[in-house]
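1. got a predicted structure here, sequence first:
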Amino acid sequence: MTIQRMDNVGIVVDDIDAAVDFFTELGMELEGRMPIEGSWAGNVVGLGGDMRCEIAMMRIPDAPGRIELAKYHTPKAITPEPEITPANTLGLHRVMFAVDDIEDTLARLRPHGAELVGEVTRYEDSYLLCYLRGPSGIILALAEQLS
């Protein structure tokens with residue numbers, strides 16, 4: 001038995017509209033948006049039968065890779081402590097995207113709430129790299145190949 005593919009990465013957000021706008025500005029497309037509720041949904045994620053959320057599936061145009069944004073209505077999402085966790089926090093760390101122009105991408109994302117975590121850094125003659133925070137504290141990494 002082998003893995004067929006990685007289907008998507010799920011990210012819980014507090015403002016689904018802002019998150020959709022952010023990932024659209026990054027270059028992703030909205031594939032679909034819908035409510036998810038019922039005992040099957042609550043049971044699969046371990047939150048019980050009264051779970052209700054809205055999801056938005058974002059995809060990379062003409063490439064594999066999707067992000068599922070989820071806004072929980074019942075039960076409400078839990079804010080981690082501390083709210084802005086450092087890079088060495090256990091669990092899902094970040095999602096990395098390869099981009100054509102890191103500075104242009106940052107300039108387009110800043111009006112949507114993006115803030116650098118550290119700084120844009122050069123790795124040898126290969127890449128420019130950075131970490132940034134987006135809506136709901138999501139950490140993204142951007143990589144621009146130099147050669």
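-> Here it is on my side, so go on. Residues are numbered from 1 along each chain as shown.
2. when you work out contacts or count neighbours from here on, use the C-alpha atoms and nothing else.
-> Noted.
3. list the residues that contact residue 22.
-> Going by CA atoms under 8 Å, 6 or more residues apart in numbering, residue 22 touches 109, 112, 134-135.
4. which other residues reach the worst-scoring helix or strand of the chain on mean pLDDT?
-> When each helix and strand of the chain is scored by mean pLDDT, DSSP states H and E, helix 39-45 comes last, with a mean of 86. For helix 39-45, the external contacting residues (CA under 8 Å, 6+ apart) are 48-52.
5. before we move on, the earlier item: so of the contacts of residue 22, which ones are in helices?
-> The helices, defined by DSSP state H, take in residue 109 from the contacts of residue 22.
6. what's the closest of the contacts of residue 22 to residue 32?
-> Using CA to CA, residue 135 comes nearest to residue 32 of the contacts of residue 22, at 19.2 Å.
7. in terms of contact, does that closest one touch residue 17 like I think?
-> No. At 9.8 Å, residue 135 does not count as touching residue 17 under the criterion of CA atoms under 8 Å.
8. now the longest helix along the chain: average pLDDT?
-> Determined from DSSP H, the single longest helix within the chain is helix 16-26. In this model, helix 16-26 has an average pLDDT of 97.
9. residue 54 is in contact with residue 32, correct?
-> No. Residue 32 is beyond contact range of residue 54, at 10.7 Å (criterion: CA under 8 Å).
10. and those two? which has more neighbours close in?
-> residue 54 (15 against 11; other CA atoms under 10 Å).
11. can you put the contacts of helix 39-45 in a markdown table and add neighbour count?
-> Formatted as a markdown table, the contacts of helix 39-45 follow (neighbours: other CA atoms under 10 Å):
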| residue | neighbour count |
| --- | --- |
| 48 | 15 |
| 49 | 15 |
| 50 | 14 |
| 51 | 21 |
| 52 | 20 |
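12. redo those as TSV? Include secondary structure and pLDDT.
-> What follows is the contacts of helix 39-45, written out as TSV (DSSP: H, G, I helix; E, B strand; the rest coil; pLDDT from 0 to 100):
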residue	secondary structure	pLDDT
48	coil	82
49	coil	80
50	coil	87
51	coil	90
52	strand	93
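13. of all these, which comes closest to residue 21?
-> Of all these, the one with the least separation from residue 21 (CA to CA) is residue 52, at 22.2 Å.
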